[in-house]
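**Q** model the following, please.
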Amino acid sequence: MKDEELPRRLREAAEAHRPDRARMLARIERGMADGGPAPRSVRPPRAVRPWLRVAGATAAVCGVLAAGAFAVTSAGDDDRARGGPVASAPSPAASTPAARGGLRPEDGPLWTGGVVDPHSNAYWAQSNVTLRTTEPLSALTVELRVALTGGVNSTGSWRSLPEPDFTVSVNESGGYLVYRWTLRAGRSVPAGTHTFAGQYNHAEGDRDATGDYVTARAVRASGGKASVGDYFGRSR
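**A** A predicted model of the protein is given here:
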């Protein structure tokens, strides 16, 4: 071989060489198994890292939502399995005396009746309770219940009997505005006809008072108890 041909052949051999990747990886693995230095870890490209964070957060949120949905579904199924009732607020009609057997306006010496005062108007009303007794009373409690229809709120009350003889309260209970007059200990109610009245605002219009009613419980001075009640009609 001529000396001038050697450079050309070396150049051709170099151009024809292709590295054997598999052999190189095998050599690296053998080196690691022999305790050689481990290759440095490669950090993911920056373009990939935000995507990985979003994917991880999405997976976490999905897991929380799935767990919550499972808990709610399980609770509902558990209630149905036990046959647990669904709680609901009682309506005024369900708690009226009609649902408990009705009222009687007269009992022994005691009688009562209720009516909406004719001077009531489209925004305000007064419910009048008449109580009549043929005997003196040593104890008495009168309760006027006005159904909480639109806009009902108390504006006051009064009674024909002496004010110091009674304690008065007004509160909302069971879908009603409740006026309560209670005779004080040591006082008495004479025989005769007496009036108790509750006043209140209401939504504009002719208010239907058919859901309103009055009850009275008394102890006769001569002994024995009496209990009466009555419903209201429409305003008139």
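**Q** doesn't T210 lie inside a helix?
**A** No: counting by DSSP: H, G, I helix; E, B strand; the rest coil, T210 falls outside a helix, being coil.
**Q** state the distance from it to D230.
**A** Using Cβ to Cβ, to the nearest Å, T210 is found at 12 Å from D230. (Glycine included, C-beta is placed from N, CA and C.)
**Q** look up the residues forming beta bridges with V115.
**A** N128 (DSSP bridges).
**Q** could you give the bridge partners of the residue lying closest to S160 once chain neighbours are set aside?
**A** Once flanking residues are discounted, S160 sits nearest to T195: 4.4 Å by Cβ to Cβ, 6 or more residues apart in numbering. Beta bridges link T195 to T130, judged by DSSP bridges.
**Q** after the helix or strand of the chain with the lowest mean pLDDT, next one along is what?
**A** When the helices and strands of the chain are scored by mean pLDDT, DSSP states H and E, helix 49-82 comes last with a mean of 37. The element immediately downstream of helix 49-82 (helix or strand, assigned by DSSP states H and E) is strand 106-107.
**Q** outside of that following strand, which residues touch it?
**A** 226-228 (Cβ atoms under 8 Å, 6 or more residues apart in numbering).
**Q** among those residues, who's most crowded?
**A** Among those, V228 has the most neighbours (other Cβ atoms under 10 Å), with 23 neighbours.
**Q** hang on, that one packs against W111?
**A** Yes: using Cβ atoms under 8 Å, V228 is in contact with W111, at 6.3 Å.
**Q** and this protein, what are its domain boundaries?
**A** 22-82, 94-231 (automatic domain parsing).
**Q** for these, which has the smallest mean pLDDT value?
**A** Sorting the domains of the chain by mean pLDDT places domain 22-82 lowest, at a mean of 41.
**Q** K225: neighbour count?
**A** With other Cβ under 10 Å as criterion, K225 counts 12.
**Q** repeat for T215
**A** Count around T215 with other Cβ under 10 Å applied: 18.
**Q** before we move on, the earlier item: T210 and D230 - which one has more neighbours?
**A** Neighbours per residue, other Cβ under 10 Å: of T210 and D230, the larger number sits with D230, 22 against 12.
**Q** next up, the contacts around the more buried one.
**A** 103, 105, 112-114, 213-214.
**Q** T133: which of these is nearest?
**A** Set against T133, the nearest of the contacts of D230 by Cβ to Cβ is T112 (9.4 Å).
**Q** what sits against that closest one?
**A** Taking Cβ under 8 Å, 6+ apart as the definition, contacts of T112 comprise 105, 129-132, 142, 214-216, 228-230.
**Q** need phi/psi at it.
**A** With angles defined as degrees, to the nearest 10, T112 sits at phi -140, psi 160.
**Q** okay, now the residue nearest to V219 when sequence neighbours are not counted: neighbour count?
**A** Nearest residue to V219, sequence neighbours excluded (Cβ to Cβ, 6+ apart): A139, at 3.8 Å. Counted by other Cβ under 10 Å, the residues lying close to A139 total 17.
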